[in-house]
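**Student:** build me a structure from this.
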Amino acid sequence: MTMLVQARRWIPRLLTPRVDLPLLVALVLLAGVGLLTLHSAAAGDPGLLRAQMMRFGFGFAVLWVISRIPPQQLRLWAPWFFVGSILLLLLVPVLGTGRSARSWLNLGVFYLQPAELLKLAVPLLVASWLHSQVLPPRFGALTVSALIIGVPTALIAIQPDLGTALVVAASGVFVVFFAGIQWRWIIGLGGTALLAAPLAWPFLREYHRNRFLTFLNPEADPLGVGWNIIQSKIAVGSGGLFGKGWGQGTQSRLDFLPEHTTDFIFSVFAEEFGWIGVVAMLCLYLFIIGRSLWIVAQARDTFSRILGGSLALTFFVFVLINGGMVAGMLPVVGVPMPLMSYGGTSAVSLLASFGVLMSIHSHRRFMGE
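**Tutor:** The predicted model follows:
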């Protein structure tokens, strides 16, 4: 009887929504648009669409579960999640698979990209560490934070996966920024990074150097390394004001546009829905970012504020980099358009990060400094 009474108490709690409804609706809408665009980009391939639908379903289930876990508990689990992610990342050079980069582990049932887990594990651990320190962070705290950020970033960069490495680094740096780092540190570290950037050139792989050179002058090799970005700009420009219509894009249908289901799927969307569609999508992305920052502003403890702020800005970086790539304004670094590009681990990890934001929202009344 006692177990039955407890079940009656807990089942309604488990089923009661603890999510921010406007943010959830926006994410579902974005995922729906992503599936429609993928259906067109993949020329109606049912297998590709079915796989992405299953990933979205699993991702939203993860979001729901994480939204019910108090941020204090997430803070306690952060070191274990980080260590587990690093161990998986260390297996990639030995057991990994991939084309240009050995980034995936074949687990039989699905492929796992451990680097994607670090996009959440790094800001979680940095926020957990800084939560226990005097803020704004001092030199010792910043040194430990730099190690937490630098180790996984370096391991991902040598796969080589430069785009993911940059996003992982940014996710950790944003936590430090929200922790209230002094401006003299920001200016000093930023200036040092700019001055040191040319020193990294000899250590880049040849195709990384080609990507940067192509960004500066894609017409120098229009049938070689410049092909991707040139075809992407043609697709974006040919969409005009209203687009060619859903499923009517020629750049992807005729296989002119490479990676049209992953890195350049936003080019497909721009060609089919035009300037009006692109503006509408950017407004949807801006709403998600703005709503996330509103949730962060309502947070009652340091850990939630600095972690949530980092997750919101990392999402912004995804949109900024991929949008800049497809428009030819940034080098091609392999960063997907969130919830539009085909991919499993990236979609699930992204929705998990929104689960953390939902947790911050739903538990804000029970938390204090």
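**Student:** neighbours around residue 134, how many?
**Tutor:** 9 (other C-beta atoms under 10 Å). For the C-beta atoms, the positions are set from N, CA and C on the backbone; glycine is no exception.
**Student:** how near is it to residue 273?
**Tutor:** 50 Å (C-beta to C-beta, to the nearest Å).
**Student:** please apply the same query to residue 181.
**Tutor:** From residue 181 to residue 273 the distance is 40 Å (C-beta to C-beta).
**Student:** how about residue 332, secondary structure?
**Tutor:** Under DSSP: H, G, I helix; E, B strand; the rest coil, residue 332 falls in the coil class.
**Student:** could you number the chain from 56 rather than 1 from now on?
**Tutor:** Yep, numbering from 56; the last one is residue 387 now.
**Student:** can you list the residues that contact stretch 84-97?
**Tutor:** For stretch 84-97, contacts defined as C-beta atoms under 8 Å, 6 or more residues apart in numbering pick out 103-104, 107-108, 111, 115, 301-302, 304, 307, 315-316, 320, 323-324, 327, 336, 339-340, 343, 393-397.
**Student:** could you flag which of those are buried?
**Tutor:** Applying a neighbour-count criterion of 16 or more other C-beta atoms under 10 Å, the buried members of those are 103-104, 107, 111, 115, 304, 307, 315-316, 320, 323-324, 327, 336, 340, 343, 393-397.
**Student:** filter the contacts of stretch 84-97 down to the ones in helices?
**Tutor:** Of the positions in these, 103-104, 107-108, 111, 115, 307, 320, 323-324, 327, 336, 339-340, 343 sit in helices, assigned by DSSP state H.
**Student:** so which one among the residues you listed has the lowest pLDDT?
**Tutor:** Minimum pLDDT for those is recorded at residue 307 (72).
**Student:** correct me if wrong: it contacts residue 289.
**Tutor:** No - contact between residue 307 and residue 289 fails when scored by C-beta atoms under 8 Å: they sit 11.3 Å apart.
**Student:** if I look at residue 234, what pLDDT would I see?
**Tutor:** You'll see residue 234 listed with a pLDDT of 88.
**Student:** could you tell me the phi and psi values at it?
**Tutor:** phi -70, psi -10 (degrees, to the nearest 10).
**Student:** what's it in contact with, if anything?
**Tutor:** Residue 234 makes contacts with 185, 190, 191, 192, 357, 361, as judged by C-beta under 8 Å, 6+ apart.
**Student:** then residue 324?
**Tutor:** 88, 92, 332, 333, 336, 395.
**Student:** now residue 301
**Tutor:** 91, 95, 327, 328.
**Student:** so how far is residue 218 from the second one?
**Tutor:** From residue 95 over to residue 218 the distance is 24 Å, taken as C-beta to C-beta.
**Student:** could you check how far residue 76 is from residue 83?
**Tutor:** Distance of residue 76 to residue 83, given as C-beta to C-beta: 10 Å.
**Student:** neighbour count winner among these two?
**Tutor:** The residue with more neighbours, out of residue 76 and residue 83, is residue 83; 13 against 8, by other C-beta under 10 Å.
**Student:** what score does the more buried one have for pLDDT?
**Tutor:** Looking at residue 83, its pLDDT is 96.
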